[in-house]
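> Got a predicted model here, sequence first, then my questions.
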There are 2 protein chains.
Amino acid sequence: MNGAESLLKSLVASDVTVCFGNPGTSEMHFVAALDSVPGMRPILALQENVATGAADGYARMADKPAATLLHLGPGLANGLCNLHNARRASSPVVNIVGDHASSHSRYDAPLSSDIAGFARPVSAWVHSSTSARSVGSDAAKAVRIAREKPGQIATLILPADSAWDSADDVAEPLPLAPHAQASDATIDRIASSIRKGAKTVFLMRGDVLRGRGLMLAGKLAAKTGARLVCDTFAPRLERGVGRVKLERLPYFGEMALSSLQGTDLLVLVGTQPPVSFFAYPNKPSWLTPEGCQVTTLTQPHEDSVAAMEKLVDALDARDALECVTAQTDTAVSLDGRLDSESIVRLIARHMPPNAIFADEGITASILYYDVLENAAPHDHLNLTGGAIGSMMPVATGASVACPERKVITLVGDGSAMYSVQSLWTQAHEQLDVVTIILANRAYKVLNNELKRVGADQDGPNARRMLDLDSPAIGWVDLAKGLGVSAARAETRREFERALGAAIAGRGPCLIEAVID
Amino acid sequence: MNGAESLLKSLVASDVTVCFGNPGTSEMHFVAALDSVPGMRPILALQENVATGAADGYARMADKPAATLLHLGPGLANGLCNLHNARRASSPVVNIVGDHASSHSRYDAPLSSDIAGFARPVSAWVHSSTSARSVGSDAAKAVRIAREKPGQIATLILPADSAWDSADDVAEPLPLAPHAQASDATIDRIASSIRKGAKTVFLMRGDVLRGRGLMLAGKLAAKTGARLVCDTFAPRLERGVGRVKLERLPYFGEMALSSLQGTDLLVLVGTQPPVSFFAYPNKPSWLTPEGCQVTTLTQPHEDSVAAMEKLVDALDARDALECVTAQTDTAVSLDGRLDSESIVRLIARHMPPNAIFADEGITASILYYDVLENAAPHDHLNLTGGAIGSMMPVATGASVACPERKVITLVGDGSAMYSVQSLWTQAHEQLDVVTIILANRAYKVLNNELKRVGADQDGPNARRMLDLDSPAIGWVDLAKGLGVSAARAETRREFERALGAAIAGRGPCLIEAVID
């Protein structure tokens, strides 16, 4: 057995069974081992940001890490942006980066670079596996660290000789650290404040936004009158008809601040105090209103669901009936103009049960987020780190994790160009993903932001940096070139027809929705 | 005047007049200033690796830096790979990265990251401009540092408040450091060894491969019998009929070593001793043959052309007649199969005078590099850092620097998918670039490398990581979707017709050359 085989066997033993990557010469033994070691599914991405974003999406839906396989510093560099997003999503990722053989490092060959330096800003742990004998145990350790709550990125650097030298070790999986618990004193303190009649908002992120956690939050709201609010960019939440109703903290700071006005107690559940996404001249960054007390029920690494169980008991809310989203009439007139709002309404109307909705709709999602709660029950995945080009890769990985579920990606055209290579992997793996491009031919959010920062000029040079209309991108051609069937919609009727066909069918497809 | 205007005016004063970028909210004042400050040409890239690669290509051809404009850590991360290549090309780049306002940094908002940490592995200098009052002088300093020989990357981090606060300063350009010179003792020592009859190879990189430097090298070779060899991946060299003949150090280590066998003296001119690109089990990394003395005429930062002038005098070679490439018959049969060799031969035959050839042909370039010396005089640009996805962006920037020259990019399909967004910028700016895709539907070089590393298995999983045939990429559709006219060629006749039309025409176009 060589080091690459030891690595692969150890990963599989630790239940890491999917690898997204793009290898080079220094990773060829790893590639060869994919055929001698059973149990690892390799998935090729044509640019590493697709691989790392897919690992993020896979982790969000599978609740366990995938591995990546990246080629030296440059391969890692290409994937850093979606590792940033994965870090912000608290997604577990076992990030494997090939390196030159140790004997070669001293020569500063063209592909040499500071791999650990590139990795550090996104990684909780960076380790170079300098011997084939230790590569198996290093892999098991990487998995354990990746899975530490709430999930993090463990970067394992693999010198080529650690892959090709002889190894004898398949490492057993390491036990995971126990999930940290909120103290009883914390529960009592918060329960006591709420009992005294504090106007309470629960601001939530993480596992509490799914299944049992969400139901418990609903009971607390029903019993105490507290509001339930999720982070603007929660990595994953369960929404739709029959699910507990949640508000979303608005994106724009002044709206978020205003929505929290009058709150006495802001209870943080698996999250941090709210801050604005960007700074603007003469606008606040800190979004907790004056006079509102901030208190933490659980830190992100603590067990929010268990803490909510205890709080439900402390507040005697176990029998409260949670308020869920009712079935409403979601009819949309098909006669009006196709625009962001009608697109989101038609998605809400036609979303099949148990879908996964990957949201990088940017301006559309800021404005029409609430519309989607009227859809059938689904998982909603958000762009967590603000680095665009995230959700087409995330959708790719989510579909690998949940092949039986329909994945719908809503993405602005500017965002979509960042990781357009995702479409090829979706075709290669025949993933059941519908990609809807909001083709407004501009970085439209930046047209707004240009005004919001007080930079009022809007001259020809600024326009050249913000507009995508010269030339207009032909999304149907692009999709076709990457092996994905596609349709173009300019009217609501065309969009509904294309969406209906996409949802009825199976396999990857794309809809270019042309809007202003 | 605000900080953004001070920055732009100072850059323009220091002769930085082109900016490749993709801005976000934190860079909106910079974007607005593009209309209030004259003299800076903004060029939008749809992914930052196109922007940084274009800055590399621009610098190689303009002999001065462009600026980039990148959005926070993630925007920088997306551009790191081609900054790695630019660093290996010794290209001067003023790398401007926006940051959150200083008051916002403490909040760890979603887009926050360790920008300096990302930048350090590729940058000679990283500096955050923490006041609008100093941003002008920081810009002037960044330009001076970028231009330090042989050229390097200066990263200037620009917090949003340093852009929007009041400034009063336009910085004057700073004087450049004088070019370091080889000592007379070094010249004498090398001249003396050569005079004694040492079998000599000049291994060269940098300015010595152009114009005066190349002519001087030719005179030395003619006078002394020394061989002239350039680095395998020299950033830029002048080639073609009538130019001094150069060998290229072979890519594969064993071939490089063998080509240097029998050499007594290896004279390094602006370069380092040769090492193999990758390490392989039981193959050498160090490529200087035993018994060969290595000596340095000039380090990369020293003035190679001046040193060659002195060496020519010391060896009395001023009147020697340099050996130049003769006009040869470059006819190619149009009846055979279209393959890498015939494509390169047809390019050599039809290359117009004074073209710029951007080479990421990978397997084709390894095998048929020599063919191109029979083309009309041209500049040859190489993939310097080994990180694929470089040369379509480099060609984009080279065309911005030299709008009157035809640019021809030869690129493998695997490489081309890495930075396919380049085509949109070429269309947006109507650049005169012909992109030739070697569509062999595989990472073909890796099929070879899999064998070379001794990983003999070639099973279905390995194939899934190396082949691009499922689905085949439709390059004509992709180009069309990005606004670039395109043709597909499956035979030599079709390829010649498409190439002829591309060279006769103006503006961006693409040829998909289908080969095995």
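That came through, no problem. What you see is a predicted model; the values in this text were computed from it and never measured.

> so what secondary structure elements neighbour the helix or strand of chain A with the lowest mean pLDDT?
The helix or strand of chain A with the poorest confidence is helix A:444-452; it has a mean of 85 (mean pLDDT, DSSP states H and E). Judged by 3 or more CB pairs under 8 Å, 6 or more residues apart in numbering or on different chains; DSSP states H and E, helix A:444-452 is in contact with helix A:363-368, helix A:460-466, helix B:28-36. C-beta: built from backbone N, CA, C; applies to glycine.

> Need the three-state assignment for the nearest residue to A:Leu268 once chain neighbours are set aside.
The shortest distance from A:Leu268 to any non-neighbouring residue, by CB to CB, 6 or more residues apart in numbering or on different chains, is to A:Thr296 (4.6 Å). Assigned with DSSP: H, G, I helix; E, B strand; the rest coil, A:Thr296 falls in the strand class.

> Quick one: name the residues of the stretch 301-450 of chain A near chain B.
By the rule CB under 8 Å from any CB of the partner chain, the part of the stretch 301-450 of chain A lying against chain B is A:384-387, A:389, A:414, A:417-418, A:420-421, A:424, A:427-428, A:445-446, A:449-450.

> Would you map the helices across the stretch 401-516 of chain A?
Remark: helices assigned in the stretch 401-516 of chain A by DSSP state H, counting those that start in this stretch are A:413-418, A:422-428, A:444-452, A:460-466, A:475-481, A:492-504.

> okay, now the closest residue to A:Pro38 other than its chain neighbours: neighbour count?
In space, A:Pro38 comes closest to A:Val12 once its chain neighbours are excluded; the distance is 7.7 Å by CB to CB, 6+ apart. A:Val12 has 18 neighbours, counted by other CB atoms under 10 Å in any protein chain shown.

> And the helix or strand encompassing A:Val12, what does it pack against?
If you go by DSSP states H and E, A:Val12 is part of helix A:3-13. Helix A:3-13 is packed against helix A:28-36, helix A:135-146, helix A:160-164, with contacts defined by 3+ CB pairs under 8 Å, 6+ apart.

> give me that answer again for 10 Å
Contact here means 3 or more CB pairs under 10 Å, 6 or more residues apart in numbering or on different chains; DSSP states H and E; on that basis helix A:3-13 packs against strand A:18-22, helix A:28-36, strand A:66-70, strand A:93-99, helix A:135-146, strand A:153-159, helix A:160-164.

> pLDDT weak spots in chain A?
Scanning chain A with the threshold set as pLDDT under 70 gives A:455-457.

> Now render the helices and strands packed on helix A:444-452 as CSV, adding mean neighbour count and distance to B:Arg227.
Output for these, formatted as CSV (neighbours: other CB atoms under 10 Å in any protein chain shown; distance: least, CB to CB, whole Å):
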stretch, mean neighbour count, distance to B:Arg227
helix A:363-368, 20, 61
helix A:460-466, 19, 49
helix B:28-36, 26, 50
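
> of the ones you listed, which approaches A:Arg88 most closely?
helix A:363-368 (16.4 Å; CB to CB).

> How far does that closest one sit from its chain's centre?
For helix A:363-368, the gap between its own C-alpha mean and the chain's C-alpha mean amounts to 17 Å (CA atoms, centre = their mean, to the nearest Å).

> So for A:Arg493, what's the nearest residue that isn't a sequence neighbour?
That would be A:Leu334: by CB to CB, 6+ apart, it lies 5.0 Å from A:Arg493.

> that older thread, show me the one of the helices of the stretch 401-516 of chain A that comes nearest A:Phe277.
Going by CB to CB, the one of the helices of the stretch 401-516 of chain A nearest A:Phe277 is helix A:444-452, 10.0 Å.

> Pull out the buried residues from that closest one.
Neighbour-count burial for helix A:444-452 flags A:Lys444, A:Val445, A:Leu446, A:Asn447, A:Glu449, A:Leu450, A:Arg452 (criterion: 16 or more other CB atoms under 10 Å in any protein chain shown).

> Tell me which stretches of the stretch 51-200 of chain A form helices.
A:72-88, A:115-119, A:135-146, A:160-164, A:184-195.

> would TSV of the ones you listed with distance to A:Ala320 be doable?
Below are the helices of the stretch 51-200 of chain A laid out as TSV (distance: least, CB to CB, whole Å):
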stretch	distance to A:Ala320
helix A:72-88	33
helix A:115-119	47
helix A:135-146	37
helix A:160-164	56
helix A:184-195	13
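
> can you put those helices in a markdown table and add distance to B:Ala498 and mean neighbour count?
What follows is the helices of the stretch 51-200 of chain A, written out as a markdown table (distance: least, CB to CB, whole Å; neighbours: other CB atoms under 10 Å in any protein chain shown):
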| stretch | distance to B:Ala498 | mean neighbour count |
| --- | --- | --- |
| helix A:72-88 | 31 | 31 |
| helix A:115-119 | 40 | 24 |
| helix A:135-146 | 49 | 24 |
| helix A:160-164 | 40 | 26 |
| helix A:184-195 | 71 | 16 |
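
> Quick one: closest of these to A:Thr232.
Nearest to A:Thr232 among the helices of the stretch 51-200 of chain A is helix A:72-88 (11.7 Å), distances taken as CB to CB.
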